[in-house]
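In: Structural data only, the sequence is not supplied:
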């Protein structure tokens with residue numbers, strides 16, 4: 001097992017009982033969060049520990065969870081926490097878990113000293129702090145400690161299950177919180193760097209348009225409303241092309257899967273909207289720099305028939321970014337499906353899509 005150990009407790013708790021915690025994490029963001037928790041968790045737990053224990057933590061990167069709908073008992077059998085040397089095992093996954101429509105944050109089994117935490121369930125902001133709080137709550141439950149962090153138990157409502165205790169997302173905007181967590185797991189800001197051919201094709205389209213004086217006149221006469229409409233249409237065209245060309249839209253195979261498909265498709269659209277907007281802003285900056293570098297004010301003013309200033313360059317870059325985004329949509333067809341999915345989804349989401357597709361093919 002490849003693990004990073006963070007041993008704490010060399011001071012007052014050195015003579016007390018030792019408790020070891022194994023953090024298992026899916027690749028990607030859960031693994032990064034697990035490393036963060038492993039570094040700070042022992043110190044925080046020791047500060048609240050009446051028994052002066054020595055806390056040790058280690059991290060393992062391995063995706064055990066086969067599907068977000070997997071039963072908690074099946075997850076316990078797959079991970080088999082009783083075979084581990086550590087006293088408590090906590091598994092972090094970025095796959096969303098729900099009970100009907102309620103987002104599930106964690107499942108905890110006292111008997112098996114095991115907790116399953118859904119990183120997506122805590123939302124898309126302050127993720128590290130929230131996951132750390134849920135982890136502390138789960139460890140307190142496993143060890144039978146009534147309170148390690150007083151407000152945590154009240155914040156996350158719980159219900160008894162056959163295999164232990166289930167904690168839900170805080171009341172209020174639960175579905176929106178889950179959606180934001182799923183979008184964050186997809187890391188939409190990576191779309192720009194992940195789709196290199198799209199970026200090159202878009203910039204080339206904008207650069208060619210920059211050399212056409214008709215575009216200068218369009219930018220000078222279109223006005224903000226038409227420019228805004230062009231922006232919205234170009235971004236929508238890019239998103240629609242990516243979804244259709246690379247089959248990013250999930251189709252439910254049964255009525256029971258419809259709600260899940262709606263959730264995943266919504267997360268895909270929001271991910272692409274954020275990613276394409278970031279791409280648009282990047283193109284705007286690149287084309288503004290290119291226009292200011294290669295297009296003299298004297299030449300631009302001669303064509304437009306009036307003096308030019310920074311506003312004219314900003315307006316021209318705005319129109320060029322819209323034209324370039326449409327060119328990028330066409331260029332996205334040059335990307336293979338694997339590259340697009342890698343740019344648009346997190347690690348576990350890609351694995352889930354691939355496993356679902358293989359299961360569908362086998363069923364046929």
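Out: Cool, the structure landed. Everything numeric here is computed off the predicted structure, so don't read it as measured data.
In: Enumerate every residue touching residue 109.
Out: Under the criterion of CB atoms under 8 Å, 6 or more residues apart in numbering, the contact list for residue 109 reads 72, 76, 115, 142, 163-164. C-beta here means a position set from N, CA and C on the backbone, and glycine is covered the same way.
In: go again using 6 Å as the cut-off
Out: 163-164 (CB atoms under 6 Å, 6 or more residues apart in numbering).
In: Just the pLDDT at it, thanks.
Out: Per-residue confidence for residue 109 comes out at a pLDDT of 94.
In: cool, and residue 202?
Out: pLDDT recorded at residue 202 is 89.
In: leaving aside the residues next to it on the chain, what's closest to it?
Out: Leaving aside its sequence neighbours, residue 202 sits nearest to residue 328 (CB to CB, 6 or more residues apart in numbering; 3.0 Å).
In: My guess is the one you found contacts residue 200. True?
Out: No: taking contact to mean CB atoms under 6 Å, the distance of 8.8 Å between residue 328 and residue 200 leaves them out of contact.
In: ok, residue 55 to residue 40 distance?
Out: 11 Å (CB to CB, to the nearest Å).
In: Looking at these two, which one has more neighbours?
Out: Neighbours per residue (other CB atoms under 10 Å) separate residue 55 from residue 40, with residue 55 holding more: 25 against 14.
In: Show me which of residue 328 and residue 200 is the more surrounded one.
Out: Here residue 328 and residue 200 are compared on neighbour count by other CB under 10 Å; more neighbours surround residue 328, at 30 against 13.
In: And the host helix or strand of that one, what does it pack against?
Out: Using DSSP states H and E, residue 328 sits within helix 310-331. Packing partners of helix 310-331 (3 or more CB pairs under 6 Å, 6 or more residues apart in numbering; DSSP states H and E): helix 196-210, helix 213-221, helix 223-245, helix 258-294.
In: for those, which one sits closest to residue 126?
Out: In this view, these are compared for proximity to residue 126 by CB to CB, and helix 258-294 is the closest at 18.2 Å.
In: so where is this structure shaky, pLDDT-wise?
Out: Counting by pLDDT under 70, the chain contains low-confidence residues at 1-16, 47-52, 146-153, 255-256, 331-339, 343-364.
In: Spatially central residue for it, please.
Out: Nearest to the mean C-alpha position of the chain, by CA atoms, centre = their mean, lies residue 185 at 1.7 Å.
In: Could you count how many residues lie near residue 144?
Out: Residue 144 sits with 7 neighbouring residues when counted by other CB under 10 Å.
In: I'd like the distance between it and residue 113.
Out: With distances defined as CB to CB, the gap from residue 144 to residue 113 amounts to 11 Å.
In: Residue 229 now?
Out: Computed as CB to CB, the residue 229 to residue 113 distance reads 58 Å.
In: Pick the most deeply packed of the helices and strands packed on helix 310-331.
Out: Ranked by average neighbour count under the criterion mean count of other CB atoms under 10 Å, the helices and strands packed on helix 310-331 are headed by helix 196-210 at a mean of 20.
In: which helices and strands does it pack with?
Out: In this structure, helix 196-210 packs against helix 258-294, helix 310-331, with contacts taken as 3+ CB pairs under 6 Å, 6+ apart.
In: Check which element follows the first one along the chain.
Out: What it means is helix 258-294. Under the assignment DSSP H and E, the closest C-terminal helix or strand after helix 258-294 is helix 297-304.
In: now the angle from that next one to helix 310-331?
Out: What separates the directions of helix 297-304 and helix 310-331 is an angle of 80 degrees, with axes from the mean of the first three to the mean of the last three CA atoms, to 10 degrees.
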